[in-house]
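**Student:** Structure of the sequence below:
(2 chains)
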Amino acid sequence: SAVISQKPSRDICQRGTSLTIQCQVDSQVTMMFWYRQQPGQSLTLIATANQGSEATYESGFVIDKFPISRPNLTFSTLTVSNLSPEDSSIYLCSVAGSASSTDTQYFGPGTRLTVL
Amino acid sequence: AQSVAQPEDQVNVAEGNPLTVKCTYSVSGNPYLFWYVQYPNRGLQFLLKYITGDNLVKGSYGFEAEFNKSQTSFHLKKPSALVSDSALYFCAVRDMAPGNTGKLIFGQGTTLQVKP
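**Tutor:** Numbering: from 1, shown residues only, chains lettered A, B, ... in the order given. All right, here's what the predicted structure looks like:
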């Protein structure tokens, strides 16, 4: 399976600031996704990162709050803007459509965000 | 709409005993079903999947799952539990509806506690 890394692994931020999370894959993948896991909760898809075009956002998530970039087939960033304590979550990058597997999503280690 | 249910918040088993973590699903069309495990402060690790074929699917770490179409279930099983299996387990279905991106829809998760 693809090796996925995320930076930072964790961060503590002040409200009103922004945090940008990077996701790097060691091979080209067709699809990249960003999920949020709130404390004690399951995973919710934020958006699908599309290479060379705007991300596709799920209901309840907007581009102004969660801008996403995907400049190529191995890299994506998620920014969480205008932070509030409610944004404290784990943010996970996921990929699918690698050469070794077309139908399984693999996840990065996650970024644990705490907003004070 | 696609959905996944994990009816048990927590499952407790003694080491060496068999374990079952339950999952039921609701999909339109053929289901693409997955199990993931999350250890504390870690990302999600892929365990196994059912796409087509044999109803009994074998995966990582000795886990297996049985696809039951009539009961719309995909329960995770292991013949002999280890203390190290203690973790949070997620069942997921891939949304293959036309026009969707194949995103994963997760159950709420089941905490497995294996006691020595």
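
**Student:** what does chain B put close to chain A?
**Tutor:** Chain B has residues B:32, B:34, B:36, B:41-46, B:49, B:51, B:90, B:94, B:101-104, B:106-109 near chain A, with proximity defined as Cβ under 8 Å from any Cβ of the partner chain. C-beta: built from backbone N, CA, C; applies to glycine.

**Student:** can you give me the strands for chain A?
**Tutor:** Chain-ordered strands for chain A, with DSSP state E as the definition, fall at A:4-7, A:10-13, A:19-25, A:31-37, A:43-49, A:56-57, A:68-72, A:75-80, A:89-96, A:106-107, A:111-115.

**Student:** low-confidence ranges in the chain?
**Tutor:** Using chain A. Across chain A, the stretches falling below the confidence threshold (pLDDT under 70) are A:98-101.

**Student:** try chain B instead
**Tutor:** Where chain B drops into low confidence, which here means pLDDT under 70, it does so at B:99-101.

**Student:** that older thread, which of the residues of chain B next to chain A are buried?
**Tutor:** Buried members of these, counted by 16 or more other Cβ atoms under 10 Å in any protein chain shown: B:32, B:34, B:36, B:43-46, B:49, B:90, B:94, B:102-104, B:106-109.

**Student:** Show me which residues of chain A sit near chain B.
**Tutor:** Counting by Cβ under 8 Å from any Cβ, the residues of chain A that sit close to chain B are A:1, A:31, A:33, A:41-45, A:48, A:56, A:58, A:92, A:94, A:96, A:103-110, A:112.

**Student:** rerun that using 7 Å as the cut-off
**Tutor:** A:31, A:33, A:42-43, A:45, A:48, A:56, A:92, A:96, A:103-110 (Cβ under 7 Å from any Cβ of the partner chain).
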